[in-house]
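Undergrad: let me see the structure of the following:
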Amino acid sequence: MAPQENRKVQHEIKVAASAESVYRLVAEVENWPQVFPPTVHVEHEERGRTDERIRIWATANGEAKTWTSRRSLDPAGLRIEFRQEVSQPPVAAMGGAWVVEPVSDGHCLVRLFHDYRAVGDDPENLAWIDKAVDHNSNAELAALKAKAELAAASSDLLLSFEDTVDVQGSAADVYDFLDEAQLWSERLPHVARVSLREDTPGLQVLAMDTRTKDGSVHTTESIRVTFPRRKIVYKQIVLPALLDLHTGEWVLTENGDGVTVTSRHTVVINEANIEAVCGTRAGVAEAREFVQSALSGNSLATLGHAKRYAEGRR
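TA: This is a model prediction of the structure:
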C-alpha cells in the first residue's frame, strides 16, 4: 500500500506586540524552556547564519520525547521553517513553519504550520500525533502571546539565581550523586518521597515531595535531561503553588583540584498565589525572597551532601 500524504494543520494567534519581537522569541531557541510549556531543553548541534540543526527535549501528551530538527531562518520575511531530522515514534516525519505577519504597529498574527505522518500510517498513531500537535501548538502560541505581551509588565516576577560549591573529588562521583535521584529520599533529609523513571536513556521523569525550611512539603514533577559528567538540566511540569515556571540545571566544571558544581534556577512567580503562600501583607518582593531562600536552601543542602559523597570516595 502506498504511503499516505502528510497530514497538514495550521494554528494561529493574534499578539499585541511587534512582529520583530515575536520573531526573536521563536528564533532564539535557547530561551524556549522559559517561553514554551512543552519544551524542556534545546541545544544547537550545528549553527550557520540562516540554517541550524537543533536537538529538542520536550513533552508530548505527557510523555518525554527528544528529536533533532533542521531550521531555516528568514529574519527579513519573519519566517522560520523546520523539519525533524530524527523523529520519535509514533511520528514518522514532521515539519512545518512559524510565520509572523505584521498587522499594525505593535500587533501581529502568528501562524504555526505542521505537516506530519505516522509510523506505518497507523490510524491510532496518527490520532496520537493529532492530539499532541493540537495541544502543544495551542499551548505554545498562548505562551508566546503571553511572553511577548507581558515581557515588561512581568519582569519583577522573573527571577534567576545560582549557588556554587567547590568539591575536592571527581566529577564522575558528583554527577552520579545528582543523577541517581531515586536514592535522594535516603541521602537527602529534605526529600520525603522520590520516584525516578528513565524510559529513554538520558531523559528522566522525576517526582518528589520536598520539605522547605518552614516545614511545609511541596510536590513537584520534573523532566530531566542528563549529560554525563557535565550537567543535568530540568524543567518542572508539576509546580508548587507559588511558581508559574521553574527551570534549572546542575553544571559541573572540572578544575585542577576537583570540580566546581553550580545549581542554577530560573523561576516565574505566580502573583495570584503570593498572599496564600507568603501571607496577606506579602508582595512580589517578599515572594522573590521566599522562593530564592527555599530553592537555594534545598540546592545547597543537595550540593553539600554531594560534596561529602564525592570527597568520601576520593
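Undergrad: what helix or strand does the spatially most central residue of the chain sit in?
TA: The centroid of the chain falls nearest to Val40 when counting by C-alpha atoms, centre = their mean (2.5 Å). For Val40, the element it lies in under DSSP states H and E is strand 39-47.
Undergrad: for the longest strand that the chain contains, what is the distance to the chain centroid?
TA: In the chain, with assignment by DSSP state E, the single longest strand is strand 91-104. Taking C-alpha atoms, centre = their mean, to the nearest Å, one finds the center of strand 91-104 at 21 Å from the center of the full chain.
Undergrad: average pLDDT across it?
TA: Mean pLDDT, computed over strand 91-104, is 96.
Undergrad: how about stretch 40-47?
TA: 96.
Undergrad: report the buried residues of the strand holding Val40.
TA: Within strand 39-47, the residues scored as buried using 16 or more other C-beta atoms under 10 Å are 39-42. Yep, even glycine has a C-beta here, placed from its N, CA and C like the rest.
Undergrad: how much space is there between Val251 and Val133?
TA: Val251 sits 33 Å away from Val133, going by C-beta to C-beta, to the nearest Å.
Undergrad: neighbour count winner among these two?
TA: Relative neighbour count places Val133 above the other of Val251 and Val133, with 21 against 16, counting by other C-beta atoms under 10 Å.
Undergrad: my guess is the more buried one meets Val9, correct?
TA: Yes - Val133 is within contact range of Val9, at 6.2 Å (criterion: C-beta atoms under 8 Å).
Undergrad: quick check: neighbours shared by the two?
TA: Listed as contacting both Val133 and Val9 by C-beta atoms under 8 Å, 6 or more residues apart in numbering are His114.
Undergrad: all strands of this structure, in order?
TA: 7-15, 39-47, 51-60, 63-74, 79-86, 91-104, 107-118, 158-167, 191-200, 203-211, 217-227, 231-238, 243-254, 259-269.
Undergrad: so what's Ala58 up against?
TA: 36, 38-40, 64-66, 136.
Undergrad: repeat for Leu183
TA: Counted by C-beta under 8 Å, 6+ apart, Leu183 has contacts Val194.
Undergrad: ok, it to Glu149 distance?
TA: 43 Å.
Undergrad: could you do Ile269 as well?
TA: 18 Å.
Undergrad: who has more neighbours out of those two?
TA: Ile269 (23 against 16).
Undergrad: in this structure that one contacts Val284, no?
TA: Yes - here Ile269 reaches Val284: they are 6.7 Å apart, a contact under C-beta under 8 Å.
Undergrad: quick one: common contacting residues for the two?
TA: Common contact partners of Ile269 and Val284 (C-beta under 8 Å, 6+ apart): Leu157.
Undergrad: how is this protein carved up into domains?
TA: 7-150, 155-312 (automatic domain parsing).
Undergrad: buried stuff in stretch 75-88?
TA: Those would be 78-82, 84, 87-88, for stretch 75-88 by 16+ other C-beta under 10 Å.
Undergrad: tell me how far that stretch lies from the chain's centre.
TA: 19 Å.
Undergrad: what's in contact with it?
TA: 19-20, 23, 26-27, 53, 65-74, 91, 93-102.
Undergrad: and if we set it to 6 Å?
TA: The contact list for stretch 75-88 (C-beta atoms under 6 Å, 6 or more residues apart in numbering) reads 19, 23, 26, 65, 67-73, 94-100.
Undergrad: turn the buried residues of strand 39-47 into TSV, including distance to Arg224.
TA: Converted to TSV, the buried residues of strand 39-47 look like this (distance: C-beta to C-beta, whole Å):
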residue	distance to Arg224
Thr39	14
Val40	8
His41	9
Val42	15
